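Peer 1: Model the following, please.
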Amino acid sequence: MYFLETAVALFIGAFLLTYLTIPKIIGVVEYKRLMDNPNQRSSHSAKTPTLGGIAFFFTLIFAIFFIKDRAVFDEGMYIIPGLTILFILGLKDDLVVLSPGSKLLGQICAIAFILANDSFTIDSLNGFLNVYEIPHYLYLVIAAFIMLTVINSYNLIDGIDGLASVVGIVIMIIYTTIFYTTNEWFFALISITVNAILMAFLGFNFSSHKKIFMGDTGSLIVGFIISILTLKFLALKPADYTELPFLLENAPLIAISILIVPLFDTARVFAIRIANKKGPFSPDRNHVHHVLIDYWGLSHKQASYIIGLFNLMFIVLFIVLGSKAKNLGMVIMLVTVVVLLGYIFFKYNYNFSTLKQKIILKKKVSKLKAKVEDNTNQIVNSKKKDKKEKLKKL
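Peer 2: Next up is the predicted model:
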């Protein structure tokens, strides 16, 4: 009962703090003219305030202060330095734009604090693909890779209004349920806090007159929290799984299903960029949400809700299957679904979208040629006219 009261108070407090702070941030950003200017990749056409992630940061800091006593291994004191590093990193990137190398170095520094806490240690995969014991050095490599992948994948899906918030809300609902069921109160409350923050922010992100973006400041912070929750989930001990509705050995696959949207989109985009002989971090409009908007004609809100619904359905499907199916069968199914989706979007991108781009380009070239011919004809006619006038004078 005490947990429920704390959860409700924390949710209301985090929601109100975020909701009341964001208009102040919008006012300062507009006054200082720190808006995000649209470019050829942007899904918006007007200058829009960014830096919504500032509200995320100090709301989380307040929340951790009030729930720190619920942490068994004092995790809050390890999370705060990482949050601070990523807050500064994201803030600078929103204002100045950092190189990928600088961002990666900052993320590694933030991750180091989490890996230093014993609470997140994964010492076994509990039979997943017949893997049981994991050496500590291998855990450090795997954990760092997981966290970097999750942080950057979440950062990459923040391309249209509402998508990062909707997907984040779905993920937080699932993690709240998991950590509440396993009596990990601190992480359940952290999930509730982030959920409240994203719900409060979503209304402004969809707004037409008080719009704001979370920016890298927000997406890096939320991605960092999601990566921490994922690591903690994988680090749960066998005794913690007695109340969860899936087999212990299927936990890695459940984690993948929870993060399927950012992971699939990132893998697909990287594959397309590499196939086009470009760098994996080079900007473009090949994300799934861009396909839904550019070629299916959906609005930002429609695309965000459809992707969020898909994420939720995918999680439920794998939880149901994970209650009975062995992990090898689930791995085969997961690979099949991902390959099928990847093939559909890959072919769609390289057939319909490319064809459309070629048609548009051809029309532009035709118009340009026609314009050049008209100008040439005008010049020729003008010269002929001048020549005739000179002959008349003679």
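
Peer 1: For the rest of this, base every contact and every neighbour count on C-alpha atoms.
Peer 2: Will do.

Peer 1: ranges for the helices of the stretch 151-300 of the chain?
Peer 2: Ranges of helices in the stretch 151-300 of the chain, per DSSP state H, counting those that start in this stretch, are 163-181, 185-206, 215-234, 251-258, 260-275, 288-294, 300-322.

Peer 1: Report the distance from the second one to the chain centre.
Peer 2: If I follow you right, that is helix 185-206. Put simply, helix 185-206 sits 15 Å off its chain's centre (Cα atoms, centre = their mean, to the nearest Å).

Peer 1: One more: the longest one?
Peer 2: Average the C-alpha atoms of helix 300-322, do the same for its chain, and the two points are 15 Å apart (Cα atoms, centre = their mean).

Peer 1: Report all helices and strands that that helix contacts.
Peer 2: helix 163-181, helix 251-258, helix 260-275, helix 288-294, helix 327-348 (3 or more Cα pairs under 8 Å, 6 or more residues apart in numbering; DSSP states H and E).

Peer 1: Just put the helices of the stretch 151-300 of the chain in JSON lines and tack on distance to Ala46.
Peer 2: Formatted as JSON lines, those follow (distance: least, Cα to Cα, whole Å):
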{"stretch": "helix 163-181", "distance to Ala46": "19"}
{"stretch": "helix 185-206", "distance to Ala46": "14"}
{"stretch": "helix 215-234", "distance to Ala46": "16"}
{"stretch": "helix 251-258", "distance to Ala46": "33"}
{"stretch": "helix 260-275", "distance to Ala46": "26"}
{"stretch": "helix 288-294", "distance to Ala46": "17"}
{"stretch": "helix 300-322", "distance to Ala46": "15"}
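
Peer 1: And those helices: which comes nearest Ala110?
Peer 2: Counting by Cα to Cα, Ala110 lies closest to helix 215-234 out of these; the figure is 8.7 Å.

Peer 1: I'd like the average pLDDT over the closest one.
Peer 2: Mean pLDDT, helix 215-234: 97.

Peer 1: what's the spacing between Tyr180 and Thr18?
Peer 2: Per Cα to Cα, to the nearest Å, Tyr180 is found 24 Å from Thr18.

Peer 1: With neighbour numbers in mind, choose between the two.
Peer 2: Remark: of Tyr180 and Thr18, Thr18 carries more neighbours, 25 against 17, as counted by other Cα atoms under 10 Å.

Peer 1: May I ask which helix or strand encompasses the more buried one?
Peer 2: Element membership for Thr18 (DSSP states H and E) is helix 2-32.
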